[in-house]
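Chemist: One predicted model, sequence on top.
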Amino acid sequence: MGASPHQLLHTPDTIAAFQKDLAGTPPMSAAEHERLQLIIKRISRNVELFSEETENELLATLLA
């Protein structure tokens, strides 16, 4: 099985890029932070579901 969505999003390069992009921006409010967390969870879940479906399709093709 490949890398998890969390592993794909949290590499040193992507973290550094996010930090550079966010430099100088005002801090988020608690509501903005909560909304962002929900969006990230939804995206992660969708990526994970897509990865599982793709993996299942590949396995079915290989076993056919």
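Modeler: Cool, the structure landed.
Chemist: per-residue confidence for G2?
Modeler: Here, the pLDDT recorded for G2 equals 61.
Chemist: what are the ranges of the helices in the protein?
Modeler: 5-9, 12-22, 30-63 (DSSP state H).
Chemist: Please identify the deepest-packed of the ones you listed.
Modeler: Looking across the helices of the chain with neighbours counted as mean count of other Cβ atoms under 10 Å, the highest average goes to helix 5-9: a mean of 13. No exception for glycine: its C-beta is placed from N, CA and C like everyone else's.
Chemist: mean confidence for that one?
Modeler: Helix 5-9 comes out at a mean pLDDT of 65.
Chemist: ok, now stretch 36-49?
Modeler: Stretch 36-49 carries an average pLDDT of 89.
Chemist: Put the alpha carbons of it into CSV.
Modeler: What follows is stretch 36-49, C-alpha atoms only, in CSV (Å, rounded to 0.1, in the frame of the first residue of the first chain):
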residue,chain,number,x,y,z
LEU,A,36,-10.1,24.8,7.7
GLN,A,37,-9.7,21.6,9.8
LEU,A,38,-13.1,20.4,8.5
ILE,A,39,-12.1,21.0,4.9
ILE,A,40,-8.8,19.2,5.4
LYS,A,41,-10.5,16.2,7.0
ARG,A,42,-13.0,16.1,4.1
ILE,A,43,-10.2,16.3,1.5
SER,A,44,-8.1,13.7,3.3
ARG,A,45,-11.1,11.3,3.4
ASN,A,46,-11.8,11.8,-0.3
VAL,A,47,-8.2,11.2,-1.2
GLU,A,48,-8.2,8.1,1.0
LEU,A,49,-11.4,6.8,-0.6
